[in-house]
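[1] structure, please.
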Amino acid sequence: MTVGNMESAQLFDAGNKGRGLRATKELCAGEVVFAEPSFSAVVFDSLATQVCHSCFRGQAKLHRCGQCKFAHYCDRTCQTACWDEHKQECAAIKKMGKGPGENIRLAARTLWRIHKDSGIVSDSQLVSVDHLEDHVADLPEEDLKKLKADVHTFLEYCSHGRKQHSVEDVSHILGIIKCNGVTLSDQRGLQAVGVGLFPNLCLVNHDCWPNCSVVLNHGNQSAVSSALHSQRRIELRAVGPISEGEELTVSYVDFLNLSTDRQKKLQERFHFQCSCEQCSEHAKDHLMMAAAEREGNKPSADKVKEVTAFSEECVEKIERLRIEKDYHEVVSLCRDCLEKQSDVLADTHLYVLRVLSVASEVLSHLQSFSEAAGYARRMVQGYMKLYNPNNAQLGMAIMRAGVAHWHAGQIEVAHGFICRAFGILMVTHGPNHPITRDLESMRMQTEMELKMFKQKECVYTTRDAALMKQPMISSF
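    The predicted structure follows:
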């Protein structure tokens with residue numbers, strides 16, 4: 001699909017939700033509804049030296065901007081391609097002596113571009129970026145204090161320029177970023193590395209069980225000439241069949257939270273009360289808080305309450321220890337927590353799933369693949385009862401489970417997981433995304449290893465039968 005082509009979507013009045021986008025034709029699962037380049041985007045401060053500020057790819061060795069010493073690039077072609085965005089930023093950082101927070105830098109890039117090109121930069125852009133909702137009037141007192149501090153930092157950061165920005169303009173753009181900023185991932189889709197503004201995407205409303213997903217396409221920056229590069233862009237993809245006239249939706253929060261918790265997060269961040277079918281009917285909440293059941297017997301309510309409280313404490317400790325990189329203690333605590341949860345909380349319980357996820361990830365890091373694979377399999381079984389079948393996070397979790405089983409030498413199970421993950425990510429990410437291509441390579445490799453394994457198994461079965469002078473019973 002051509003970047004900026006909006007033929008498959010149109011703006012409409014979505015009633016209580018305000019503006020929205022709907023399909024102008026029938027769409028199939030995996031179809032790109034539209035692709036949109038960022039109006040502005042920046043790398044997170046914490047990853048400023050590890051991620052290219054042009055293509056947002058993580059790289060081991062990056063070249064630093066010789067002027068501001070802050071921005072980093074893959075090479076000269078990426079730096080040249082980004083110069084138009086970085087030019088004013090470079091002077092501002094050089095004068096300030098350091099790069100301010102990502103929201104300040106994104107606000108500055110946004111305002112600089114508005115003043116240079118206006119708020120609409122293409123015929124396909126449906127709304128001016130400065131006409132997006134800011135919800136500044138809805139901010140609580142603490143958030144207003146932080147906003148005022150950010151405005152002060154912004155004015156200090158941009159004080160060198162000819163154009164002086166008003167407090168109202170800066171507050172408005174910072175409010176827009178808070179409500180509409182889209183997190184950007186690295187080239188493998190495994191780590192959040194930055195934030196950007198995409199005006200058309202901002203018009204797509206939320207649903208906890210959406211019909212679309214969003215993925216970042218990093219474009220192609222391999223050509224020596226930056227003129228031949230393809231743009232970094234988001235792609236809105238249908239995760240299932242969509243009827244003509246149906247509203248297009250994405251999920252602003254992870255579904256793997258109780259409906260009340262999702263509603264709370266949406267109210268705090270985006271200032272609306274979600275009334276989607278999943279929240280209204282508290283769908284799957286019973287599974288996310290379910291007690292274990294063995295042969296029709298369930299633990300007492302007091303026991304469930306006790307273990308749930310213990311699990312909540314454990315999850316907090318586990319996360320803290322993981323941040324501190326005390327991985328062996330993380331594993332020990334995960335094992336203790338899972339043992340305590342056994343026969344009390346179901347494998348679809350949120351706290352069980354969170355512990356299983358961390359345990360499988362950390363054990364894989366420590367190369368204890370057999371144990372990691374066991375936890376990953378349990379986690380996937382729980383996820384599959386909760387997530388939409390074409391949910392990107394489900395696909396990534398299944399992929400991780402496949403890799404853990406592969407390293408553990410369980411080729412047949414690994415191949416099954418990898419094939420299933422490939423099917424999901426073909427829908428959510430498309431065939432040309434790096435992670436989908438990686439999965440395709442893994443699928444072919446595990447298929448080849450599985451065939452070799454079965455051939456050897458057949459040879460050994462034939463040999464054993466001959467040695468025992470018994471007829472061979474085929475296992476196929």
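[2] going forward, measure contacts between C-alpha atoms and count neighbours the same way
    Noted.
[3] ok, now which ones touch E26?
    Contact analysis of E26 by CA atoms under 8 Å, 6 or more residues apart in numbering lists 241-244.
[4] cutoff 6 Å now
    By CA atoms under 6 Å, 6 or more residues apart in numbering, the residues touching E26 are 242-244.
[5] give me the buried subset of these.
    I242 (16 or more other CA atoms under 10 Å).
[6] which phi and psi does V127 have?
    For V127, the backbone dihedrals (degrees, to the nearest 10) come out as phi -150, psi 140.
[7] where's it relative to L21, distance?
    12 Å (CA to CA, to the nearest Å).
[8] okay, the two: which has more neighbours?
    Shown here are V127 and L21; by other CA atoms under 10 Å, L21 has more neighbours (23 against 16).
[9] quick one on the thing from earlier: just put the contacts of E26 in JSON lines and tack on distance to V344.
    Output for the contacts of E26, formatted as JSON lines (distance: CA to CA, whole Å):
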{"residue": "I242", "distance to V344": "40"}
{"residue": "S243", "distance to V344": "43"}
{"residue": "E244", "distance to V344": "46"}
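[10] restricted to helices, list the contacts of E26.
    Using DSSP state H, no member of those sits in helices.
[11] closest one of the contacts of E26 to T436?
    I242 (23.1 Å; CA to CA).
[12] wait, that closest one sits on L27?
    Yes - counting by CA atoms under 6 Å, I242 touches L27, with 5.0 Å between them.
[13] surely A149 is in a helix?
    Yes - A149 sits within a helix when classified using DSSP: H, G, I helix; E, B strand; the rest coil.
[14] distance of it from V167?
    Applying CA to CA to A149 and V167 gives a distance of 11 Å.
[15] what of T80?
    Relative to V167, T80 is positioned 32 Å away (CA to CA).
[16] looking at the two, which is more packed in?
    T80 (16 against 13).
[17] got phi/psi on the more buried one?
    phi -60, psi -40.
[18] cool, S118 as well?
    Torsion angles, degrees, to the nearest 10, at S118: phi 80, psi 170.
[19] measure it to A23 for me?
    Relative to A23, and taking CA to CA, S118 is found at 28 Å.
[20] for the two, indicate the residue with more neighbours.
    Each of S118 and A23 has its neighbours counted (other CA under 10 Å); A23 has more, 20 against 14.
[21] is that one in a bridge, and if so with what?
    Beta-bridge pairing for A23 (DSSP bridges): A9.
[22] and it, how far from G245?
    According to CA to CA, A23 and G245 sit 5 Å apart.
[23] now swap in R378 and tell me
    Per CA to CA, R378 is found 39 Å from G245.
[24] and M452, how close does it get to A373?
    Going from M452 to A373 by CA to CA gives 22 Å.
[25] between the two, which has more neighbouring residues?
    Between M452 and A373, counted using other CA under 10 Å, A373 has the larger neighbour count: 29 against 12.
[26] returning to that earlier point: show me which of R378 and G245 is the more surrounded one.
    Neighbour count, other CA under 10 Å: between R378 and G245, R378 has more, with 18 against 15.
[27] contacts for the one helix or strand the more buried one maps to, please.
    Applying DSSP states H and E as the criterion places R378 in helix 369-384. Contacts of helix 369-384 from elsewhere in the structure, counted by CA under 6 Å, 6+ apart, are 347-348, 353, 356, 360, 363-364, 401, 404-405, 408.
[28] could you look up the next helix or strand downstream of that helix?
    Counting by DSSP H and E, what follows helix 369-384 is helix 392-407.
[29] by contact count, what packs against that following helix?
    Counting by 3 or more CA pairs under 6 Å, 6 or more residues apart in numbering; DSSP states H and E, the packing neighbours recorded for helix 392-407 are helix 369-384, helix 411-428.
[30] minimum distance to A14: which of those has it?
    Proximity to A14 (CA to CA) singles out helix 411-428 among the helices and strands packed on helix 392-407, at 25.0 Å.
[31] look up how far C202 lies from Q381.
    Relative to C202, and taking CA to CA, Q381 is found at 33 Å.
[32] between those two, who's got more neighbours?
    Legend: neighbour count by other CA under 10 Å for Q381 and C202, higher for C202 (20 against 14).
[33] next, count neighbours for the closest residue in space to that one that isn't next to it in sequence.
    With CA to CA, 6 or more residues apart in numbering as the criterion, C202 has its nearest non-adjacent residue at 6.0 Å, and that residue is N180. Residue crowding around N180 was assessed by other CA under 10 Å; the count is 23.
[34] quick check: N180 vs F270, distance?
    Using CA to CA, N180 is found at 8 Å from F270.
[35] what does V380 give?
    Where F270 is concerned, V380 sits at a distance of 30 Å (CA to CA).
[36] give me the more crowded residue out of those two.
    More crowded of V380 and F270, by other CA under 10 Å: V380, with 24 against 18.
[37] where does that one land on pLDDT?
    V380 carries a pLDDT value of 98.
[38] how far away is it from D138?
    The gap separating V380 from D138 is 39 Å, by CA to CA.
[39] give me the mean pLDDT for stretch 307-323.
    pLDDT averaged over stretch 307-323 gives 95.
[40] restricting to C-alpha, output it in PDB.
    What follows is stretch 307-323, C-alpha atoms only, in PDB (Å, rounded to 0.1, in the frame of the first residue of the first chain):
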ATOM      1  CA  VAL A 307      -2.700 -16.500  48.000                       C
ATOM      2  CA  THR A 308      -3.900 -13.600  45.800                       C
ATOM      3  CA  ALA A 309      -2.500 -11.100  48.300                       C
ATOM      4  CA  PHE A 310       0.800 -13.100  48.600                       C
ATOM      5  CA  SER A 311       1.000 -13.200  44.700                       C
ATOM      6  CA  GLU A 312       0.500  -9.400  44.500                       C
ATOM      7  CA  GLU A 313       3.400  -8.800  46.900                       C
ATOM      8  CA  CYS A 314       5.500 -11.300  45.000                       C
ATOM      9  CA  VAL A 315       4.900  -9.700  41.600                       C
ATOM     10  CA  GLU A 316       6.000  -6.300  42.900                       C
ATOM     11  CA  LYS A 317       9.200  -7.900  44.400                       C
ATOM     12  CA  ILE A 318       9.900  -9.900  41.200                       C
ATOM     13  CA  GLU A 319       9.600  -6.700  39.100                       C
ATOM     14  CA  ARG A 320      12.000  -4.800  41.400                       C
ATOM     15  CA  LEU A 321      14.500  -7.600  41.400                       C
ATOM     16  CA  ARG A 322      14.300  -7.900  37.600                       C
ATOM     17  CA  ILE A 323      15.100  -4.200  37.200                       C
END
